[in-house]
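J.: Need coordinates for the below:
(one chain, ligands or ions: 1)
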Amino acid sequence: MGFEIHYSCRIEDHICCIEDCSNTLGGPTVTNMADRVIDQIRKEPGLPDGMPIIYRDSDGIWDELLVKNGRFWDFAPIQVRNIEEAKRKIRLKYSLQDIAETQKDNAEEYCSWQYDEDGFYATGCGRGFTLNEGDLQENEFQFCPYCGKKIKD
Ligand SMILES: [Zn+2]
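T.: Take a look at the predicted model:
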């Protein structure tokens with residue numbers, strides 16, 4: 001033994017919470033052995049891919065462990081002593097990221113065309129376009145001829 005890493009791991013509010021127990025039980029800290037700890041907890045059932053992982057280090061401070069391609073990747077600071085505060089910060093971080101991702105998807109999926117009164121469209125990709133007659137629907141016009149994305153008007 002001797003090399004065993006002592007920590008507890010539980011899932012609370014869809015966040016994996018690890019607590020370093022090296023102070024009471026000895027052995028290396030989670031901070032020093034983050035890659036090994038991640039390998040161990042990833043083998044446990046019930047830890048979905050992409051679930052945020054936070055840990056309390058041997059000084060009692062909560063930070064985040066980032067995982068990339070199934071392996072420990074880096075630490076991200078949370079720097080609080082209260083677990084509820086740590087979870088709140090993580091939830092905020094990931095809900096903001098979700099929103100940013102959604103906006104990015106929407107922005108990239110469509111070319112939004114602005115119609116002006118003269119039958120002239122300004123395309124989302126910075127070009128101009130006119131239809132001889134009717135609007136986009138009447139012309140069964142669905143994709144931007146310049147960038148190839150679906151038109152949003
Ligand atoms: Zn376009």
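J.: only C-alpha atoms for contact and neighbour calcs from this point on.
T.: OK.
J.: quick one: buried residues of the strand ranked longest in the chain?
T.: Longest strand in the chain, counting residues (DSSP state E): strand 71-80. Residues 72, 78, 80 are the ones in strand 71-80 that count as buried (16 or more other Cα atoms under 10 Å).
J.: Check stretch 138-150 too.
T.: 144, 149-150.
J.: which one among these gets closest to the ion?
T.: C144 (4.6 Å; Cα to the ion).
J.: ok, back up a step: also near the ion: which of the buried residues of stretch 138-150, exactly?
T.: Contacts with the ion within the buried residues of stretch 138-150, as defined by Cα under 5 Å from the ion: C144.
J.: hmm, back to that, tell me the angle whichever helix or strand comes after the longest strand of the chain makes with strand 71-80.
T.: Using DSSP states H and E, the helix or strand that follows strand 71-80 in sequence is helix 83-109. Angular relation of helix 83-109 and strand 71-80 on a 0 to 180 degree scale: 120 degrees, by axes from the mean of the first three to the mean of the last three Cα atoms, to 10 degrees.
J.: State the paired neighbours of the helix or strand just after helix 83-109 in the sheet, together with their directions.
T.: Later in the chain than helix 83-109, the nearest helix or strand by DSSP H and E is strand 110-112. According to DSSP bridges, strand 110-112 forms sheet pairs with strand 150-152 (parallel).
J.: can you list contacts of the partner strand?
T.: 109-113, 142-144 (Cα atoms under 8 Å, 6 or more residues apart in numbering).
J.: 6 Å instead?
T.: Defining contact as Cα atoms under 6 Å, 6 or more residues apart in numbering, one finds that strand 150-152 is touched by 110-112, 142-144.
J.: Could you do stretch 41-52 as well?
T.: Contacts for stretch 41-52 (Cα under 6 Å, 6+ apart): I15.
J.: quick one on the thing from earlier: which elements pack onto the longest strand of the chain?
T.: Other helices and strands packing on strand 71-80, by 3 or more Cα pairs under 6 Å, 6 or more residues apart in numbering; DSSP states H and E, are strand 62-68.
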